[in-house]
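[1] With the input below, show me the fold.
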Amino acid sequence: MIGKRDNRAYSAAHFVLELDGSHIAGFFRSVEGGGVKSDILTYQMGGNNAQWRQLAKPKYEDLKIQVGMSMSQEFYGWISEFFAGRIHRRNGAILAGDFHYKERARREMFDMIISEVAVPKFDAADKAPCYMTVTLVPERVRFSPGRSSVDLSPVVQNKQKLWTPNRFEFTIAGFEQVTRRVTKIDGFTIKQQILEYRTGNTRDPVRIPGRIEFPNLTFYLPESDASPLIQHFTKRVIGGEKAPDTRLTGSITALDSDGGSLCTISLYGLDLAAIGPDKSDSTSQDIKQVRIDLTAESMAFQYAAGQNA
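    The predicted model follows:
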């Protein structure tokens, strides 16, 4: 029986992702979506002005969560599998905790798959904390009351790893001396198309993953350091030089405040797609930068404490 004190309104400032009924993946910064809705079907007969309305089958919204580098190794292993194209469906729940870290509400989700991972920008001039945005697609969502006996505070005791965009290492094989001078990498998103099928009289849809799309990357470095990349681009694009048998590879490594690795995104099948000067302004005293677009055939994600995907 829920007492009056337990039934009071509360401010949910703590959100936890639970996987497979028991594993607590950790706290995250924010959550958006994950609701349930139904289309409204309207019927009108002949010249009758009366309208009849009926609820259609349920639709389940995608769930977007913002995570840093303090989630569990199992969660980042799930992201690694997404990058590698290995589909792993997970059951889970979003737990909302009050100020005292007591569970007050649950949203249970079934057969979730990852559809997007948005990597934030890396910028040497930005010291604010940054987060990845992970989009989860559930086949079913159910609402459950919170269990006030569940204490979420032990999760807080785990070591929190601060991730800031100004600490990173970017390399392209053969151009290590050049790419170490990169000042900024724009944010990018890895996407997987989700196909939805509805059959017969079933209430819930079946969601099937499609192909994974790896985006182009855009990075910036001082024009005075860009000569080797410009020469490579001139040979390949302007001169029409045949692509080498072994394509370029590279990586982006996020670092913590002590210089240790948080995660690494490995890049494969690289080529320079565009080079152009950044915006020029006679009133600016900023260092002249070059903007370079990089195409990648595939990527892999590795959490610092985990294994290669």
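
[2] I'd like to know how far the closest residue to Pro277 other than its chain neighbours sits from Ser257.
    Leaving out its chain neighbours, the residue that sits closest to Pro277 by CB to CB, 6 or more residues apart in numbering is Val290, at 6.0 Å. For glycine as for every other residue, the C-beta is placed from the backbone atoms N, C-alpha and C. Distance of Val290 to Ser257, computed by CB to CB, to the nearest Å: 29 Å.

[3] neighbour count winner among these two?
    More neighbours surround Val290 than the other of Val290 and Ser257, with 19 against 10 (other CB atoms under 10 Å).

[4] Make sure that one is indeed in a strand.
    Yes - assigned with DSSP: H, G, I helix; E, B strand; the rest coil, Val290 falls within a strand.

[5] got the buried residues for stretch 238-257?
    Within stretch 238-257, the residues scored as buried using 16 or more other CB atoms under 10 Å are Leu248, Gly250, Ser251, Ile252, Thr253, Ala254, Leu255.

[6] Residues touching that stretch, excluding its own?
    Residues outside stretch 238-257 that contact it (CB atoms under 8 Å, 6 or more residues apart in numbering): 69, 122, 161-164, 167-174, 179, 185, 235-236, 261-271, 294, 297.

[7] Spatially central residue (nearest the centroid) of this structure, please.
    In the chain, the residue lying closest to the centroid (CA atoms, centre = their mean) is Val117, at 2.6 Å.

[8] elements contacting the host helix or strand of that one?
    Taking DSSP states H and E as the definition, Val117 sits inside strand 103-119. The elements that strand 103-119 packs onto, with contact taken as 3 or more CB pairs under 8 Å, 6 or more residues apart in numbering; DSSP states H and E, are helix 73-84, strand 90-97, strand 132-137, strand 140-145, strand 188-197, strand 206-213.

[9] how about a markdown table for the ones you listed, with mean pLDDT added?
    Below are the helices and strands packed on strand 103-119 laid out as a markdown table (pLDDT from 0 to 100):
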| stretch | mean pLDDT |
| --- | --- |
| helix 73-84 | 93 |
| strand 90-97 | 87 |
| strand 132-137 | 95 |
| strand 140-145 | 86 |
| strand 188-197 | 91 |
| strand 206-213 | 90 |
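
[10] Let's have these in JSON lines, adding distance to Ala243 and mean neighbour count.
    What follows is these, written out as JSON lines (distance: least, CB to CB, whole Å; neighbours: other CB atoms under 10 Å):
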{"stretch": "helix 73-84", "distance to Ala243": "24", "mean neighbour count": "19"}
{"stretch": "strand 90-97", "distance to Ala243": "39", "mean neighbour count": "21"}
{"stretch": "strand 132-137", "distance to Ala243": "32", "mean neighbour count": "21"}
{"stretch": "strand 140-145", "distance to Ala243": "46", "mean neighbour count": "14"}
{"stretch": "strand 188-197", "distance to Ala243": "23", "mean neighbour count": "15"}
{"stretch": "strand 206-213", "distance to Ala243": "21", "mean neighbour count": "13"}
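
[11] okay, these in TSV with distance to Leu55 next?
    Shown next, in TSV, are the helices and strands packed on strand 103-119 (distance: least, CB to CB, whole Å):
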stretch	distance to Leu55
helix 73-84	34
strand 90-97	25
strand 132-137	22
strand 140-145	16
strand 188-197	19
strand 206-213	21
